[in-house]
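>>> A predicted structure for the sequence below; I have some questions about it.
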Protein chains: 4
Amino acid sequence: MMNRKLRMGMVGGGTDAFIGAIHRLAAFMDNQIELVCGCFSVNPEISKESGQLYYLPEHRVYDTYQEMFEKEAKLPEGERMDFVSIVTPNFVHFAPAMMALDNGFHVVLDKPITFTLDEALKLKEKLDETGLTFALTHTYSGYPAVKQAKHMVSEGRLGQIRKILVEYPQGWLSSKVEDAGNAQASWRTDPKRSGKAGCMGDIGTHAHQLTEYISGLRVTEICADLNVFVPNRLLDDDGSAFLRFNNGAKGVLTATQIAAGEENAIKIRVYGEKGGLEWNQHEPNTLLLKWSDQPAQLLRTGTNLDAPGALHNTRTPGGHPEGYLEAFANIYRNFALTVRAKANGEQPTPEMLDFPGVEDGIRGMQFIDTVVSAGYNDDVKWVKFGETID
Amino acid sequence: MMNRKLRMGMVGGGTDAFIGAIHRLAAFMDNQIELVCGCFSVNPEISKESGQLYYLPEHRVYDTYQEMFEKEAKLPEGERMDFVSIVTPNFVHFAPAMMALDNGFHVVLDKPITFTLDEALKLKEKLDETGLTFALTHTYSGYPAVKQAKHMVSEGRLGQIRKILVEYPQGWLSSKVEDAGNAQASWRTDPKRSGKAGCMGDIGTHAHQLTEYISGLRVTEICADLNVFVPNRLLDDDGSAFLRFNNGAKGVLTATQIAAGEENAIKIRVYGEKGGLEWNQHEPNTLLLKWSDQPAQLLRTGTNLDAPGALHNTRTPGGHPEGYLEAFANIYRNFALTVRAKANGEQPTPEMLDFPGVEDGIRGMQFIDTVVSAGYNDDVKWVKFGETID
Amino acid sequence: MMNRKLRMGMVGGGTDAFIGAIHRLAAFMDNQIELVCGCFSVNPEISKESGQLYYLPEHRVYDTYQEMFEKEAKLPEGERMDFVSIVTPNFVHFAPAMMALDNGFHVVLDKPITFTLDEALKLKEKLDETGLTFALTHTYSGYPAVKQAKHMVSEGRLGQIRKILVEYPQGWLSSKVEDAGNAQASWRTDPKRSGKAGCMGDIGTHAHQLTEYISGLRVTEICADLNVFVPNRLLDDDGSAFLRFNNGAKGVLTATQIAAGEENAIKIRVYGEKGGLEWNQHEPNTLLLKWSDQPAQLLRTGTNLDAPGALHNTRTPGGHPEGYLEAFANIYRNFALTVRAKANGEQPTPEMLDFPGVEDGIRGMQFIDTVVSAGYNDDVKWVKFGETID
Amino acid sequence: MMNRKLRMGMVGGGTDAFIGAIHRLAAFMDNQIELVCGCFSVNPEISKESGQLYYLPEHRVYDTYQEMFEKEAKLPEGERMDFVSIVTPNFVHFAPAMMALDNGFHVVLDKPITFTLDEALKLKEKLDETGLTFALTHTYSGYPAVKQAKHMVSEGRLGQIRKILVEYPQGWLSSKVEDAGNAQASWRTDPKRSGKAGCMGDIGTHAHQLTEYISGLRVTEICADLNVFVPNRLLDDDGSAFLRFNNGAKGVLTATQIAAGEENAIKIRVYGEKGGLEWNQHEPNTLLLKWSDQPAQLLRTGTNLDAPGALHNTRTPGGHPEGYLEAFANIYRNFALTVRAKANGEQPTPEMLDFPGVEDGIRGMQFIDTVVSAGYNDDVKWVKFGETID
């Protein structure tokens, strides 16, 4: 009977990194997870210093992730880590994830899941083999109001879905900051570390995942226009796509990193026959419902949300705003609850199981393949989802 | 020396019509224009009743517009109308406009300018011949904050423009209201009265015009996806387009009439190298400026707008909101000021001349041609602006 | 049978004045009123120039209002004005209004109604005697969403009213602009021209009137704190008041002209046992309803408002924002409809009669008396409405 | 050298409590604090069950707080708790806090600090004696944008402060939920457990603290009106106060729990000679700056905030909203950093020391005394801060 916090190891996430800190905040908040070990950087010095700041004993801070997995696997069950959180750049996702699984550790991975679709498919195979638990941190699907939206669509409250508008505008890559020492920009604009997509991989995948998550629909075809606005940048920093869905609905997805002055205003609008819904990360605790035949309604986290998934993922009373970290923490908490339930031979509830996984990762890689393939080709208009054209 | 109100006649705009009332409110507000005659309906009874309600003498209310133009032309100069406002469905734009010009009357016309591009081109020829003044009521370009936006872009305040997002979501055609006695819907969804486009002609043209107006750019190519969501409707009720502009900028235009619960939320965002601007009709007196290197700013009509065109078109002090009718009235007022200046042998100022005209109308018809041509073709991705493909 | 536009004269409102222009825009918009004469300034030159710009014949532009009333009264009925709009500073309200009534003219008056309560009471007597029609331009009660609010409160939709928060923050008097040539500031801060109150007379009265209009309640006692923040100013430029209402409800009224950076953000919130409503001039077409037991709702002008008074006073379809001028015009239109109905021996409808009148004016003067009396006295906490203390 | 997480004990905060959960989320998030023991309920069964769910060993879960302090004090330094977090109803604040201090433990306390002012003063004495560290969880002062506001005021960016409007509207006590089994309502409306104030103690103190925190001013006199709207309730559920500040500024404070439909919309506006600022918990990452002479600006957490205190207390990049829990966590984190710095013989930085303490607690108790004393007295208008009248 597992009645203790889960023990987390970490690959990446040194004190010089941004997303690693977010992962830790999210993991610790609910008192379900403790950090027990890590390889926080390719630079052993940074790794060591980071481990100290995270209050780890020296011998649980490793120089390489290989060393970590090997040594942790040999520790007694009462001591060794339960799962690893991998928060490295995209090109260092696959290998550590595979090795972690091979050594019996569950995995939390930052998105996009891997460098290539092929790797993502192999990861799925490995997960099927091992039966281990896997989470992908598509954070936005962790917000209670987003879960409410998904619930209302699935219950048919809006009627048949016709049109989805999703956008993720950022402005931070409006100039060539990757040449000015911005580490975040540096790897994200480098095809060797980021993969074949820039903006579409970094944030377009979030917009795509959110769309399929809320609507329950699947994109079947894409018509896209990708752009590189900043001279000498090697990957797309802007793009838009028309989407066709498996129920006949249509969508427009816009992701850009050159919308000067924008922060992280991911926003989605879903319209059905009877009404529409709107959610925007800048006011994440409000779900705006619009109706053809009655006044618009403002559903508020902690006050009016009634979907089981929304209630399960809410921590504060209405009007005390929850934010990005709580949405992030919902993924970690549900992952942890699922791991614990399975460890105890229990069936995780649907609410526990509601976190992004390997299927989201594969869809994300297919999205990247498709949108990149379609986005630079002036001759072919529509590309089937998951396919590539020359 | 013309020192009196301009005398307006009207074609259409009976008491059973919607847009005619808007035109009159806009025309009268500034005390520059008075209604002197009209043919308000194809139904002479309605025309007569309407004339009474508009306080016209019986003999200035006509059964047909042909009769009106003929008889008015014969009235003495001190009495006859100066210009006609034509507010009929699209298919009754061209003929009365041409006849008015032939009889020496200036013309105000509702958009889209004509039924076909060919008609628009002929109208332009006629205008060139006659030297008469012509206004097209693309209302949204009449808002002071929109004029401020145009000014700031033209001054390079945002840097080189890269990306434009424009949208016009409505929801009123979410069901088949044209079969339920909605007169507005009836002609707008009928290709014989509306033309080859539905949604794109009705509101897409507004989005297009606003885009070119603010940015000063011209669309050169369009990739589009048009849809008919409501079964058995004959024209598009939804659509989106990727835009390429003559300076290399890119855009996304979305216009839809099946976004259930939406009103008239036309919104535009323009991003340049240094910053972006955002304007939304739902809060039309705010121009939101976003910057890469400083906090966002809220410019407010009557308070902070400083563009000559914005100041010229503002009536109330800051915080006393101006609305749609004032934007509309700006077109009428500037049209009237221009007509008067010309009548008096004066050169109208740039602020007076700042109202949409025949060139906007031609661009609009070209937009319709292009977007319809591109919007249903799955094989051709990009269509040059003004061209059509099979 | 009166079947023509009403003929308006004007006292004040020369080309150098602000509020006169607003009155004219409001009066003309609906084609129910035409300007036929005026005495637009104490300066006959300005009056003459103004008359020309308003397209009046020279002989209908008068040097004094006395001359105007006398001469107009002698014109034949088919020619002379029907009513006068008086838009002068407060100290020139009473005399022209009385003289107009004595000469048989209906009156529209800017607020506050008079210089003293005593004058207001005399005006009421005169109105009772003459049976003429009188309107006071408390503009904010002209908004459709405000009329909807009143209607919902009166129907008990919010339950018994408990608490009202009303505020009118402005910032334009944050510095001593009256010494810097600002004509608007000059008379408003001068007790000889404005009366015993500054801020409370200018905008506090609006807040008070809006409160009683929407709630249907009457203030019975006031506890107040008035301030003069700008050195050497002679009248209050800021103040707040606790209100007690005749049903036991409580209120807080804040009016200030030194809230630097604020425009005209008059806002009211009314809470009852079951729910609350919120209206803000900065987004005047939205009425926000909040409920204890269901999600908040956004009622929108032209879309969801269903009160007869709201529908009667709406000109544009939902999402095409109406503004301050339309609210103002609603007062003029209803005044005109009432005058015409009475002239034709008809009973004006409740919707026609729904414009502020002499009772609002008297309540306003009592409000000023009470709030000024209470606002500087540190010893007496509560003052009965309409009373003054030393 | 303390190089480890701080060890926290807890009084109150069982699984049936609301605010205890919030404290734990806030304490754990930053990996600086671990829970090691607790007495989570007056009911030992609940305490035990809670301890299990928080993953504590059985012997560190105590039946009474007295037992906890005694036994923990005897544990070796490497094991015993460092501080206690007390999250009980108001009437159980003083005794455990005193006992904790007597046993050498630092203290975090929920607000209001104690049941009476006298207790608060004794607590201060004890703190002075012991030199231990004390934090009071006035959460709202933990928001980065609030710290930015304080910084800008202190730097004189708004000029001399003139007017402050602060409000905290809630609606959850609109009906007598304390009789319907709502445990939160039950003790808050009970004078024996809550103290002499209801609404003013629960949320009025927050509004007061936020006001003094941001402005740096001190309230010197209060004129108040307190109300009990719900029949048979024993404490105020609504109230408003005029405030006089030590620099001559004026304020209006409104706190209500019967504003039906409101959540926790605490909002503050501060106006100086040059400009104003506005902050609202419902959009806590935006600080709105309004200026007399330039457009309003939107400062955003993570993007434009530059105050050292704002930067120190921000965890996520701009546009990834932080919320209530992060604000709460800022208090815990700074408390922990201060304790550790002192333990290590270092001087805590000003940013570390920026959390509410015993002085805020005393001011809060004085506020309660004053506002209650003034709020029911119709004869005395102004009461000096900290005084009471009969």
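Thanks, I have it. Residues are numbered from 1 along each chain as shown, chains lettered A, B, ... in the order given.
>>> Specify the local secondary structure of the closest residue to residue A:177 other than its chain neighbours.
Counting by Cβ to Cβ, 6 or more residues apart in numbering or on different chains, the nearest residue to residue A:177 once its immediate chain neighbours are dropped is residue A:185, at 4.5 Å. For the C-beta atoms, the positions are set from N, CA and C on the backbone; glycine is no exception. Per DSSP: H, G, I helix; E, B strand; the rest coil, the secondary structure class of residue A:185 is helix.
>>> what's the weakest-modelled helix or strand in chain A?
Lowest by mean pLDDT, DSSP states H and E among the helices and strands of chain A is helix A:183-188, with a mean of 90.
>>> Which strands and helices lie in contact with that one?
Secondary-structure packing of helix A:183-188 (3 or more Cβ pairs under 8 Å, 6 or more residues apart in numbering or on different chains; DSSP states H and E): helix A:191-194.
>>> Which residues does the helix it packs on contact?
A:89, A:90, A:91, A:187, A:188, A:201, A:202, A:234, A:235 (Cβ atoms under 8 Å, 6 or more residues apart in numbering or on different chains).
>>> tell me the contacts of residue A:336?
Neighbour list for residue A:336: A:6, A:30, A:32, A:33 [criterion: Cβ under 8 Å, 6+ apart].
>>> can stretch A:340-355 be found next to chain D?
No - under the criterion of Cβ under 8 Å from any Cβ of the partner chain, stretch A:340-355 makes no contact with chain D; the nearest approach is 11.3 Å.
>>> before we move on, back to that, my guess is the residue nearest to residue A:177 contacts residue A:178. True?
Yes - in this structure, residue A:185 is within contact of residue A:178 by Cβ atoms under 8 Å, at 4.0 Å.
>>> Which elements pack onto the helix or strand hosting residue A:277?
Secondary structure here is read from DSSP states H and E; on that basis residue A:277 sits in strand A:275-280. Packed against strand A:275-280 by the contact rule (3+ Cβ pairs under 8 Å, 6+ apart) you find helix A:144-154, strand A:267-272, strand A:286-291.
>>> In its sheet, which strands sit next to the second one, and in what direction?
Put plainly, it is strand A:267-272. Using DSSP bridges, the strands paired with strand A:267-272 are strand A:161-169 (antiparallel), strand A:275-280 (antiparallel).
>>> partners of residue A:289 in the sheet?
residue A:277, residue A:297.
>>> hey, where'd the helices end up in the stretch 101-250 of chain A?
With DSSP state H, counting those that start in this stretch applied, the stretch 101-250 of chain A shows helices at A:117-130, A:144-154, A:183-188, A:191-194, A:199, A:205-215, listed in chain order.
>>> Was I right to think residue A:232 contacts residue A:176?
Yes - applying Cβ under 8 Å, one finds residue A:232 in contact with residue A:176, separated by 7.0 Å.
>>> Give me the more crowded residue out of these two.
Here residue A:232 and residue A:176 are set side by side on neighbour count (other Cβ atoms under 10 Å in any protein chain shown), and the busier one is residue A:176, at 15 against 9.
>>> so who does the more buried one touch?
Taking Cβ under 8 Å, 6+ apart as the contact definition, residue A:176 lies against A:230, A:231, A:232, A:233.
>>> go with 10 Å
A:182, A:185, A:189, A:230, A:231, A:232, A:233, A:237 (Cβ atoms under 10 Å, 6 or more residues apart in numbering or on different chains).
>>> same deal with residue A:39?
By Cβ under 10 Å, 6+ apart, the contact set of residue A:39 is A:9-14, A:47, A:50-51, A:60-69, A:84, A:88, A:96.
>>> coming back round to it: will you turn the helices and strands packed on strand A:275-280 into CSV that also has mean neighbour count and mean pLDDT?
Written out in CSV, the entries for those read as follows (neighbours: other Cβ atoms under 10 Å in any protein chain shown; pLDDT from 0 to 100):
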stretch, mean neighbour count, mean pLDDT
helix A:144-154, 24, 98
strand A:267-272, 25, 98
strand A:286-291, 22, 98
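>>> Not counting its neighbours along the chain, what's nearest the residue in chain A sticking out farthest from the centre?
Summary for chain A: using Cα atoms, centre = their mean, the residue whose C-alpha lies farthest from the chain's mean C-alpha position is residue A:293, with a distance of 35.8 Å. Distances taken as Cβ to Cβ, 6+ apart put residue A:274 closest to residue A:293, at 7.7 Å, once the chain neighbours are dropped.
>>> same question, residue A:305
Looking at residue A:305 with Cβ to Cβ, 6+ apart, the closest residue is residue A:148, at 4.5 Å.
>>> hang on, isn't the one you found packed against residue A:297?
No - applying Cβ atoms under 10 Å, one finds residue A:148 not in contact with residue A:297, separated by 11.6 Å.
>>> Mutual contacts of the two, please.
With contacts defined as Cβ under 10 Å, 6+ apart, the residues shared by residue A:148 and residue A:297 are A:277, A:287, A:289, A:304.
>>> Which one of those is nearest to chain D?
Chain D has its nearest neighbour among the shared contacts of residue A:148 and residue A:297 in residue A:304, at 10.1 Å by Cβ to the nearest Cβ.
>>> So that closest one sits against residue A:318, correct?
Yes - counting by Cβ under 10 Å, residue A:304 touches residue A:318, with 7.6 Å between them.
>>> any weak-confidence spans in chain A?
Low-confidence segments of chain A, defined by pLDDT under 70, are located at A:390.
>>> Buried ones among the contacts of residue A:39?
Applying a neighbour-count criterion of 16 or more other Cβ atoms under 10 Å in any protein chain shown, the buried members of the contacts of residue A:39 are A:9-14, A:47, A:50-51, A:60-62, A:65, A:68-69, A:84, A:88, A:96.
>>> For residue A:365, what are phi and psi?
In this entry, residue A:365 is assigned phi and psi values of phi -70, psi -40 (degrees, to the nearest 10).
>>> neighbours of it, just the number please.
Residues contacting residue A:365 under the criterion other Cβ under 10 Å number 28.
>>> And it, how far from chain B?
Distance, residue A:365 to chain B, using Cβ to the nearest Cβ, to the nearest Å: 24 Å.
>>> Quick check on the residue most central in space within chain A: phi, psi?
Centroid-nearest residue in chain A: residue A:138, 1.7 Å away (criterion: Cα atoms, centre = their mean). Backbone torsions of residue A:138, given as degrees, to the nearest 10, read phi -80, psi 90.
>>> Verify the contact between it and residue A:364 for me.
Yes - with contact defined as Cβ under 10 Å, residue A:138 and residue A:364 form a contacting pair (7.9 Å).
>>> which residues are common contacts for the two?
Taking Cβ under 10 Å, 6+ apart as the contact criterion, the residues that touch both residue A:138 and residue A:364 are A:111, A:112, A:113, A:205, A:206, A:208, A:209, A:356.
>>> how about those in JSON lines, adding neighbour count and distance to chain D?
Formatted as JSON lines, the entries for these read as follows, by neighbours: other Cβ atoms under 10 Å in any protein chain shown; distance: Cβ to the nearest Cβ, whole Å:
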{"residue": "A:111", "neighbour count": "21", "distance to chain D": "15"}
{"residue": "A:112", "neighbour count": "29", "distance to chain D": "18"}
{"residue": "A:113", "neighbour count": "30", "distance to chain D": "21"}
{"residue": "A:205", "neighbour count": "27", "distance to chain D": "16"}
{"residue": "A:206", "neighbour count": "23", "distance to chain D": "12"}
{"residue": "A:208", "neighbour count": "30", "distance to chain D": "19"}
{"residue": "A:209", "neighbour count": "24", "distance to chain D": "16"}
{"residue": "A:356", "neighbour count": "26", "distance to chain D": "17"}
